[in-house]
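Novice: Below are the sequence and a predicted model; questions follow.
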Protein chains: 4
Amino acid sequence: MKLGMVGLGKMGYNLVLNLLHHRHEVVAFDMNGEAVQNAAKQGAVPASSLEQLVQSLEAPRIVWVMVPAGPAVQSVADTLIPLLSPGDIVIDGGNSHYKDSLALAEKLSGHGIHFFDVGTSGGVEGANQGGCFMIGGDEAIFRTIEPIFKDIAVDKGYLYAGKNGSGHFLKMVHNGIEYGMMQAIAEGFEVLEKSQFDYNFEDVARVWSNGSVIRSWLMELTEHAFSKDPKLEGIRGVMRSSGEGKWTVETALDLQASAPVIALSLFMRYRSLETDTFHGKVVAALRNEFGGHAVESSK
Amino acid sequence: MKLGMVGLGKMGYNLVLNLLHHRHEVVAFDMNGEAVQNAAKQGAVPASSLEQLVQSLEAPRIVWVMVPAGPAVQSVADTLIPLLSPGDIVIDGGNSHYKDSLALAEKLSGHGIHFFDVGTSGGVEGANQGGCFMIGGDEAIFRTIEPIFKDIAVDKGYLYAGKNGSGHFLKMVHNGIEYGMMQAIAEGFEVLEKSQFDYNFEDVARVWSNGSVIRSWLMELTEHAFSKDPKLEGIRGVMRSSGEGKWTVETALDLQASAPVIALSLFMRYRSLETDTFHGKVVAALRNEFGGHAVESSK
Amino acid sequence: MKLGMVGLGKMGYNLVLNLLHHRHEVVAFDMNGEAVQNAAKQGAVPASSLEQLVQSLEAPRIVWVMVPAGPAVQSVADTLIPLLSPGDIVIDGGNSHYKDSLALAEKLSGHGIHFFDVGTSGGVEGANQGGCFMIGGDEAIFRTIEPIFKDIAVDKGYLYAGKNGSGHFLKMVHNGIEYGMMQAIAEGFEVLEKSQFDYNFEDVARVWSNGSVIRSWLMELTEHAFSKDPKLEGIRGVMRSSGEGKWTVETALDLQASAPVIALSLFMRYRSLETDTFHGKVVAALRNEFGGHAVESSK
Amino acid sequence: MKLGMVGLGKMGYNLVLNLLHHRHEVVAFDMNGEAVQNAAKQGAVPASSLEQLVQSLEAPRIVWVMVPAGPAVQSVADTLIPLLSPGDIVIDGGNSHYKDSLALAEKLSGHGIHFFDVGTSGGVEGANQGGCFMIGGDEAIFRTIEPIFKDIAVDKGYLYAGKNGSGHFLKMVHNGIEYGMMQAIAEGFEVLEKSQFDYNFEDVARVWSNGSVIRSWLMELTEHAFSKDPKLEGIRGVMRSSGEGKWTVETALDLQASAPVIALSLFMRYRSLETDTFHGKVVAALRNEFGGHAVESSK
């Protein structure tokens, strides 16, 4: 099929390669002209503007937007609306909040444009060689573009999840689970690291990746990480986060769903951003107050 | 090679099948004579007692003990000691506490008997078709029995982890991680279940098993569980536990290692064993005390 | 001083009594005419409408709104705006979200009306006999109404906290802390209840209320609750919540502040609303999948 | 009454002052002769050894041991046994593990010596001016020494809790609750500190100490701490712990009691002992592996 790709960052660029590899025609645009040139070298049709991208497609046009969630998606969508025609299709393959996707779906629907919120997982490697896609939108229209997903996903790696919002909601929860799984794995290695035994962590991750109950892609990645730096001495334990974990917790709060482990995984990430904490100071001060326990000077 | 198997429960019996399949000779014993007969039908040499089992082996004898952790292991070991000779080998393949294994290793060592604490993962299926083994004990002696593990493990699925204790310690932490991963996955599905969307959970688990960051054997098992009962309506959410998760938390406490997610996964399991809680009653009573909030009668 | 009170529920009615006791003049209104009559019997000037209430006050008027947070506050405020004059004062003494208060302050400011967001703590008893008030708004204007707070608060029991929003923000965090303290106390009693010892919980709460590090009003209330029902057999452990704890967690998430204990206290409340959980079913199903552990039927 | 005090540290010395103030006779001993001299100056009878201390008392002797939990208590008890006579009384007023107290009670019982495990709360100030005491042991014997507790406790500040072990168990759980309450308070202030408002924390702690639901001695201590250092800039947030919190969590695990908030409070303390964590490194490395997210160098 033929489609436009807006946004040629790590994910968008690799999706383009994946699409081209499966003999789809891709018209590629990015604010960064160099990224467009790179895509063109790989076989994409370069576009120097959203206008040109739209003009290079035939109705019903398919435009895959792969830009950072939030204002960037909104801005691209607002620019696309007057350029597109009823019956055209916009796909947001990024990590947008499902409520934003619900709103965008409604806005586009007002112009007769179909919208799909597509959660994409599998990392950069997945984008390139076969990822996992969770798709929300109109089912009948979805069937018309299903061949794309069949090609770029690994086998059984795409799902029509339901009406609009359900795709990004699923991706959000996926990432919440991911936070919890990563924290669980990491805590396990922390216990090993503080233990009386002298483990080779790469070996441990490898054996756990083969035949154990906790075998998983994350464990394979753990093995790979330790193969490069056996005790991770070169990196700091700063655990950043990009939004979906927080949204999962907020959603759990709204739904009164028990999600303590996902919540705690997130709070440990926030904790890791600080070398000292105000709550710690309060507790230390209190211990000094009632028990005369010495405090450590911050100087 | 030739070895004795003591304990023919789900795990032991399937290990016997696995060993026989790889053309090892197995002398099999269990308190339950029927289990011994079943093993014999599959090709094992039946033994009607530990004495007979030991007599059916040649020095250096290899005895794999696959009985419940705790007193059962101690009892089997105590019975074996006078029957075995210096240079013989005892393997505990169960879920023993690593401190018990350290003590047992020392006791057996006093009789010249080599001990291996072997953590076994992969479930019943793994025991049968290829599991994951984490092995603690003397390395030189281990190399003499390595062919066994090479055969019964999946490729790369066994690890000489270090001196005695390190095998069961690794299995303990493995299970701690397992608790955290399971809770994270389960919380994710709880959020889905309470959401505004109407997901097919089997489909969700399938797409997450293919190409996503959280793909894992546990997710495949989740898919399988939903394939049998799409909304798990037939079962109660009672989450039992067998010890290793608790030991992991206790060990983390001793090591002052951060393991909040593993700890919390365990506490949620304990919580699930009760339909009402005393802590809940206290909070409900307090809300009534200061705010006049109505309490619900337990009648 | 003279002021109007809108909303004569548990909190509003007791505040009226408190104000009257300190010889303030109170014009009282509630949708429920009977509540107005009750207040009138205690010495308040009854008002049959917001219009009448406003007319019974002299500029600069002071109107204390004590109605449920959310739409009710908005509705009262919208009705009051055309009735009030520049320089008049509106106080929201309820548990409004601080962001709503920030918005309301701005809206009222557009009409020249001063707004104070006042967090009220101390429960019904505090409203009646002396509570705790956290006040956000213009400081100079606050000084003109300070005598009211001096009278209705316990000694040192009111604080001009800062600009608008800071009062309700402080109350929100107060409640978050309250959730954590209550859960900690409740968990302690759960451990006692499951212990090998046969404690008299009322006695325990009493001794902990006298001289211990954890002495607190909540512990005194715990003592009182146990004095009425020694083992809380008559009530169910259903822990409802009214919003501020959730807002505290949401705010902590926004601020990337570590608040795991407050978050967890809230999640345990949500957990208590269910007798069975979907996450529990998933974990139970998974244990069955990999280990053949029996599940309990929900039938 | 007349009694011996063994151990004149912060707690023991202040208990001596408290006892002397209430006209009890105290024979005082400590390994540190200077501490004995200080006690003597305040009116205690100095003893240069445990032998001399015992000889200075009349049967039935009462010996209050106030030394660090663990080996020190065991050592003092072992030395006392041959010096004491049947019918004598030993009190352990320190923070011993209740299981140690159960064992010690049995050992002393074998010599006809009565033992009381006494949990002491209220900090140094409480020891001096009136503390909180939780007492486990034989009830009839307790009544013979009750006057001591009546004097040194605040009003209603002592409790005969039950048989041996129940006193230290109660103190253990008290400290577990204390950990949770402190963490809850501390998290609240962390949210305030990160908020958009500019609070005076001393003022906040003061208003919360007067009339609010969360008023407590800990909040008063918080006020005092902020009065000395308004933003706690001078101290580091290192939260040490001394054992009872950990024992509470371990006991909760043994009892399968839900104590997630107490457990988490402890894990946050452990977390505060480290400036970087291994689990953080693992998560950071994993994010880099699957998403190409940059890691921060530890150099």
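Specialist: Received the coordinates, thanks.
Novice: can you list the residues of chain A near chain C?
Specialist: A:213, A:246, A:249-250, A:252-253, A:256-260, A:263-264, A:266-268, A:270-271, A:273-274, A:277, A:279, A:290 (CB under 8 Å from any CB of the partner chain). Every C-beta, even on glycine, is put in place using the N, C-alpha and C of the backbone.
Novice: one more time with 10 Å
Specialist: A:213, A:241, A:245-247, A:249-250, A:252-264, A:266-274, A:277-280, A:286, A:289-291 (CB under 10 Å from any CB of the partner chain).
Novice: filter those by proximity to chain D?
Specialist: Okay, of those touching chain D (CB under 10 Å from any CB), that's A:241, A:260, A:264, A:267-269, A:271-274, A:277-280, A:286, A:289-291.
Novice: Quick one, which of these are buried?
Specialist: A:241, A:260, A:264, A:267-269, A:271-272, A:274, A:277-280, A:286, A:289-290 (16 or more other CB atoms under 10 Å in any protein chain shown).
Novice: mind checking the backbone torsions on the residue sitting nearest the centre point of chain A?
Specialist: Chain A has A:Asn95 as the residue nearest its centroid, 5.4 Å off, counting by CA atoms, centre = their mean. Dihedral pair for A:Asn95: phi -100, psi 50, per degrees, to the nearest 10.
Novice: who's in contact with it?
Specialist: A:11, A:68-70, A:73, A:119-121, A:168, A:171-172, A:175, A:242-244, A:247 (CB atoms under 10 Å, 6 or more residues apart in numbering or on different chains).
Novice: Derive a ChimeraX selection command for the buried subset of the residues you listed.
Specialist: In ChimeraX, a selection of the buried entries from the contacts of A:Asn95 looks like this (16+ other CB under 10 Å):
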select /A:11,69,73,119,120,121,168,171,172,175,244,247
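Novice: Show me the contacts of A:Asn95 that map onto strands.
Specialist: A:119-121 (DSSP state E).
Novice: What about chain B: which of these touch it?
Specialist: A:119-121.
Novice: where exactly do the strands run in the stretch 151-299 of chain A?
Specialist: A:153-162 (DSSP state E, counting those that start in this stretch).
Novice: what does the stretch 1-150 of chain A give?
Specialist: With DSSP E, counting those that start in this stretch as the criterion, the stretch 1-150 of chain A has strands spanning A:2-6, A:25-29, A:45-46, A:62-65, A:89-92, A:114-121, A:131-136.
Novice: Could you list every helix and strand in contact with the first one?
Specialist: In terms of contacts (3 or more CB pairs under 10 Å, 6 or more residues apart in numbering or on different chains; DSSP states H and E), strand A:2-6 is packed against helix A:10-21, strand A:25-29, strand A:45-46, helix A:50-55, strand A:62-65, helix A:71-83, strand A:89-92, helix A:139-152.
Novice: average pLDDT for stretch A:73-83?
Specialist: Averaging pLDDT along stretch A:73-83 yields 98.
Novice: er, stretch A:231-249 actually
Specialist: Here the average pLDDT along stretch A:231-249 is 95.
Novice: mind listing what the nearest residue to A:Arg206 once chain neighbours are set aside touches?
Specialist: Spatial nearest neighbour of A:Arg206, chain neighbours left out: A:Glu223 (4.8 Å); criterion: CB to CB, 6 or more residues apart in numbering or on different chains. Taking CB under 10 Å, 6+ apart, we find A:Glu223 in contact with A:201-210, B:156, D:289.
Novice: pLDDT score assigned to A:Glu223?
Specialist: pLDDT, A:Glu223: 98.
Novice: what's the burial count for the residue in the stretch 101-250 of chain A that chain D sits nearest to?
Specialist: Nearest residue of the stretch 101-250 of chain A to chain D, counting by CB to the nearest CB: A:Gly237, 2.2 Å away. Using other CB atoms under 10 Å in any protein chain shown, A:Gly237 has 23 other residues around it.
Novice: isn't it right next to D:Leu286, touching?
Specialist: No - using CB atoms under 10 Å as the test, A:Gly237 is too far from D:Leu286 to be in contact (11.5 Å).
Novice: Overlap of the contact sets of the two?
Specialist: With CB under 10 Å, 6+ apart, A:Gly237 and D:Leu286 have common neighbours A:Ala186.
Novice: Pull the number of nearby residues for the nearest residue to A:Lys194 once chain neighbours are set aside.
Specialist: The spatially closest residue to A:Lys194, leaving aside those adjacent along the chain, is B:Leu255, at 4.1 Å (CB to CB, 6+ apart). The number of residues packed near B:Leu255 is 17, by other CB under 10 Å.
Novice: With A:Tyr270 instead?
Specialist: So A:Tyr270, with other CB under 10 Å, has 21 neighbours.
Novice: Chain neighbours aside, what residue packs nearest to it?
Specialist: With CB to CB, 6+ apart, the residue lying closest to A:Tyr270 is C:Gln256, at 4.4 Å.
Novice: Do you know the pLDDT at the one you found?
Specialist: 97.
Novice: One more: A:Asn95?
Specialist: So A:Asn95 comes in at 95 (pLDDT).
Novice: Same question for the one 5 residues further on.
Specialist: Here, the pLDDT recorded for A:Asp100 equals 98.
Novice: Thought A:Leu19 was touching A:Val26, still the case?
Specialist: Yes - here A:Val26 reaches A:Leu19: they are 5.1 Å apart, a contact under CB under 10 Å.
Novice: so what's in contact with the two at the same time?
Specialist: With CB under 10 Å, 6+ apart, A:Val26 and A:Leu19 have common neighbours A:1-3, A:5, A:43-44, A:64.
Novice: Among these, give me the pair with the biggest separation.
Specialist: A:Gly43 and A:Trp64 (16.1 Å; CB to CB).
Novice: The two - which one has more neighbours?
Specialist: A:Trp64 (25 against 15).
Novice: what's across from the more buried one in the sheet?
Specialist: Going by DSSP bridges, A:Trp64 is paired in beta bridges with A:Met5, A:Ile91.
Novice: Any figure for the gap between it and C:Ala47?
Specialist: 62 Å (CB to CB, to the nearest Å).
Novice: Ok, A:Gly243 next?
Specialist: Distance from A:Gly243 to C:Ala47, by CB to CB: 49 Å.
Novice: Repeat that for A:Gly245.
Specialist: Counting by CB to CB - A:Gly245 and C:Ala47 are separated by 51 Å.
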